[in-house]
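>>> Turn this into a model:
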Amino acid sequence: MPNNAWFTPYKFPTWTCLSSGPSQGIVYQLSKKTVVKVPFQYPVNRALPTDKANEQIYMSLRSFAIFKKESAFYNLLAKKPHLNLAQRLQCKQLLEWLENLGYTHRDLKVDNMGINENNQLRLFNFGSIRHRDKEGFYKQVLEDHFTLATCIHFLASGVNPVAKASSLAEVQRTFNILKEG
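Next comes the predicted model:
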């Protein structure tokens, strides 16, 4: 869990912190199915110069405003979920299921997914699967998460980022560019 004592007198709760970088708040896991996002608060004291105090007040207010906007959007999503949302969650659940069994897929792509007669997402082509006892397993878990994000992007947008690639080298270059942000 990150320690914020160096810049604020506030202490983080003892829940599991899921945040991995700067954001407008910190996300904590309350249970296996529940998370909470806590907006940042910036301490303002009289010892600070006025411009620094104003900046911290502005950052706190901005953090709460974004938190309020984000909460309203989540409420909207709960009332009107996207039709593909269930399939995207199924993608994540399939990957999590494999990892819990101790495996990585190693060949996640839209071509290796299908929908059955009950509209349930199915994953196939397990020829490249790797067990956790094999070298490189944990690196491959991260790779599977990246390729899952690429699959979800395709499901959401219909755009395949490597559709125009004419070689494996071009696919790898494209993925490296995407990984770098």
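
>>> Of all the helix elements in this structure, which one is longest?
If you go by DSSP state H, the chain has its longest helix at helix 50-79.

>>> elements contacting that one?
If contacts are counted by 3 or more CB pairs under 8 Å, 6 or more residues apart in numbering; DSSP states H and E, helix 50-79 sits against strand 25-29, strand 35-39. Where you see a C-beta, it was placed from the backbone N, CA and C, and this is true even at glycine.

>>> Figure out which of those strands is closest to Arg132.
Closest approach to Arg132 among the helices and strands packed on helix 50-79 (CB to CB): strand 25-29, 22.4 Å.

>>> Which neighbours in the sheet does the closest one have, and how are they oriented?
Partners of strand 25-29 in the sheet, by DSSP bridges, are strand 16-17 (antiparallel), strand 35-39 (antiparallel).

>>> Which parts of this structure are helices?
Assigned by DSSP H, the chain shows helices spanning 50-79, 85-101, 137-157, 168-180.

>>> how far does stretch 26-34 sit from the chain's center?
Distance of stretch 26-34 from the chain centroid (CA atoms, centre = their mean, to the nearest Å) equals 13 Å.

>>> residue ranges with poor pLDDT in the chain?
For the chain, the stretches with pLDDT under 70 are 1-15, 19-25, 33, 35, 39-45, 77, 80-86.

>>> What separation do you get for the residue nearest in space to the middle of the chain and Ile66?
Among the residues of the chain, the one closest to the centroid is Ala149, at 8.3 Å (CA atoms, centre = their mean). For Ala149, the distance to Ile66 under the criterion CB to CB, to the nearest Å works out to 23 Å.

>>> right, so of the helices of the chain, which gets closest to Cys17?
Between Cys17 and the helices of the chain, the shortest separation by CB to CB is 16.6 Å, and it involves helix 50-79.

>>> quick check: angle from the closest one to helix 85-101?
Relative orientation of helix 50-79 and helix 85-101, computed by axes from the mean of the first three to the mean of the last three CA atoms, to 10 degrees: 100 degrees.

>>> Flag every buried residue along helix 50-79.
Buried residues in helix 50-79, defined by neighbour count with 16 or more other CB atoms under 10 Å: Ala53, Gln56, Ser60, Ser63, Phe67.

>>> what's the answer for stretch 146-164, then?
Within stretch 146-164, the residues that count as buried by 16+ other CB under 10 Å are Thr147, Leu148, Thr150, Cys151, Ile152, His153, Phe154, Leu155, Val162.

>>> go on, stretch 123-130?
For stretch 123-130, by 16+ other CB under 10 Å, it's Leu123, Arg130.
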